[in-house]
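Chemist: coords please:
(one chain, ligands or ions: 1)
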Amino acid sequence: MKISINKAHYPVTVLGPGKRIGIWLQGCSIGCKGCVSQDTWKRDAGRDMTVAKLITWCKQSTQKDFAGITISGGEPFDQTAALSALLDALHAWRKTEQLDFDILCYSGYPLATLQKMHQKILDKLDALIPEPYIDAQPPTRLWRGSANQTLQLFTPRAQQKYAALVDAIPDDSNKRMQTMLDGNKLWYVGIPGRGDMSALEDICKSRGVELSDVSWRS
Ligand code: SF4
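Modeler: All right, here's what the predicted structure looks like:
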């Protein structure tokens, strides 16, 4: 089974509790106004890889005590067959090696739509952050991009790890973004607050670094 990937990274510490594997799927048909992940919208056959290869990368890139997997995008539920195969492979890995990582997935589709259309996939998740990004509703809760987005806990594992954090407010003790330098590319993961990307550009400029081809706006 092939899956279209924008990127994968470990460790991610700003999209769920603890050190996590982040997997961003390529392609999103939703198109929320103000989305800062517009580089993930376009389907691109050049970004396809097998689920087996992705799982091998996950196994090679982590330490045994990593906390979880966060799947984002793009829109994971625009690739339902591939997403389902990825989740099956993650469950097999968790069971075979007796690991206890949790699986958190983001989606821009409403929860009611996902429950109606894709309950079998939801059954393979520990936690879900659904609903479209709404630019006019600044985030009020940790790990969410706008105030309408909820954190759904589906399993006892998720209850144990996330219950105390469902209503946590992003503050100075909770980093919202990680930035990384890769050659001449600066990239970030996480949930920027309103104005954070402009502030990042200003900081870079003040230090003599001009950001061109910025992916977080069209
Ligand atoms: S916020 Fe997410 S769901 Fe909305 S357009 Fe951007 S990638 Fe797609």
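
Chemist: what does the longest strand anywhere in the chain contact?
Modeler: Scanning the chain for the longest strand, with DSSP state E as the assignment, gives strand 2-12. By Cβ atoms under 8 Å, 6 or more residues apart in numbering, the residues outside strand 2-12 that reach it are 19-27, 39-40, 43-45, 47-51, 54, 57-58, 61-62, 66, 70, 73-74, 79, 82-83, 85-86, 178, 180, 187, 189. C-beta: built from backbone N, CA, C; applies to glycine.

Chemist: now do the buried residues in that strand.
Modeler: Neighbour counts over strand 2-12 (16 or more other Cβ atoms under 10 Å) mark 2-10, 12 as buried.

Chemist: out of the residues you listed, which one sits closest to the ligand?
Modeler: Of all the buried residues of strand 2-12, Asn6 has the smallest distance to the ligand: 9.6 Å, by Cβ to the nearest ligand atom.

Chemist: how about low-confidence regions in the chain?
Modeler: Where the chain drops to pLDDT under 70, the residues are 171-175, 183-184, 194, 209-218.

Chemist: please enumerate the strands of it.
Modeler: Secondary structure of the chain by DSSP E: the strands cover 2-12, 20-25, 48-50, 68-72, 102-106, 127-129, 152-153, 177-182, 185-190.

Chemist: I'd like those strands as a markdown table, with distance to the ligand appended.
Modeler: As requested, those are exported to a markdown table (distance: least, Cβ to the nearest ligand atom, whole Å):
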| stretch | distance to the ligand |
| --- | --- |
| strand 2-12 | 10 |
| strand 20-25 | 9 |
| strand 48-50 | 18 |
| strand 68-72 | 8 |
| strand 102-106 | 7 |
| strand 127-129 | 10 |
| strand 152-153 | 16 |
| strand 177-182 | 15 |
| strand 185-190 | 13 |
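
Chemist: same list, those, but as a markdown table with distance to Thr140 please.
Modeler: Formatted as a markdown table, the strands of the chain follow (distance: least, Cβ to Cβ, whole Å):
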| stretch | distance to Thr140 |
| --- | --- |
| strand 2-12 | 22 |
| strand 20-25 | 22 |
| strand 48-50 | 36 |
| strand 68-72 | 20 |
| strand 102-106 | 17 |
| strand 127-129 | 13 |
| strand 152-153 | 17 |
| strand 177-182 | 17 |
| strand 185-190 | 16 |
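
Chemist: quick check: residues of this protein near the ligand?
Modeler: Within the chain, the positions near the ligand by Cβ under 6 Å from any ligand atom are 28, 30-32, 35, 37, 40, 73-75, 108, 132-133.

Chemist: narrow these to just the buried residues.
Modeler: 28, 30, 32, 35, 37, 40, 73-75, 108, 132-133.

Chemist: for the residue of the chain found nearest the ligand, give its distance to Leu90.
Modeler: Closest contact between the chain and the ligand, by Cβ to the nearest ligand atom, is at Gly108 (2.3 Å). According to Cβ to Cβ, to the nearest Å, Gly108 stands 21 Å off from Leu90.
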